[in-house]
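Asker: I need the structure of the sequence given here:
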Amino acid sequence: MAVIKSVRGFTPSFGKNCFFADGAVIVGDVTMGDNCTVWFNAVVRGDVHSITIGNNTNIQDGAVIHCTYQKAKTVIGNNVSIAHKAIAHGCTIEDNVLVGMGAIIMDDAVIGAGSVIAAGAIILPKTIVEPGSIYAGIPAKKVKDVGPEMQEVIARTAKNYPMYAEWFKE
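Answerer: You can find the predicted model right below:
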């Protein structure tokens, strides 16, 4: 069973048809849209600032979504995939973004729409990722533009996670 907990007078709120896997933790000032999924051992921790997540977004196994007290909220758009063990901390992630496994996005970074953050990449504080870009490395730098094939991967990943959630509702 997922842990959904109020903190400091804030209670998480969710849209329609969301799925929270066993071991997922969602606390505090969290607002989530429709058809979102939070997977095994992922943490969405809105205890020190707000976290807003759009529609059709998936937070995969072991990922951590957090923010910085009185400084940096986290905003995640629609059709975003935050892969296994990734961290999004006090940042903005626009629509149709894929954040790879183990990537870290730090405070006040902005990830432009349609972008990919490669597995293991570290996006430093205040980095602005241009829309439609692929960033990789430590610290992450632009390596190329997102092409049609990668756009398909971004869309397919976001679309598949609500389908996977249905398997667990049987």
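
Asker: what bits of this protein have low per-residue confidence?
Answerer: Within the chain, the segments meeting pLDDT under 70 span 170.

Asker: Could you look up the SS state of Ile51?
Answerer: strand (DSSP: H, G, I helix; E, B strand; the rest coil).

Asker: wait, what's in contact with it?
Answerer: Residues near Ile51 by C-beta atoms under 8 Å, 6 or more residues apart in numbering: 28-31, 44-45, 65-67, 73-76. All C-beta spots, glycine's among them, are computed from the backbone N, C-alpha and C.

Asker: Was I right to think Gly112 contacts Pro131?
Answerer: Yes. With contact defined as C-beta atoms under 8 Å, Gly112 reaches Pro131; the gap is 3.4 Å.

Asker: tell me the centre residue of this protein?
Answerer: For the chain, Ile82 is the residue whose C-alpha lies nearest the centre (C-alpha atoms, centre = their mean; 4.1 Å).

Asker: Name the residues contacting each of Gly112 and Pro131.
Answerer: Common contact partners of Gly112 and Pro131 (C-beta under 8 Å, 6+ apart): Glu94.

Asker: Quick one: neighbours of the nearest residue to Asn41 once chain neighbours are set aside, just the number.
Answerer: The shortest distance from Asn41 to any non-neighbouring residue, by C-beta to C-beta, 6 or more residues apart in numbering, is to Gly23 (4.6 Å). Counted by other C-beta atoms under 10 Å, the residues lying close to Gly23 total 16.

Asker: so which helix or strand takes in Gly23?
Answerer: Assigned by DSSP states H and E, Gly23 falls within no helix or strand.

Asker: show me where the chain has helices.
Answerer: Listed in chain order, the helices of the chain (DSSP state H) span residues 148-168.
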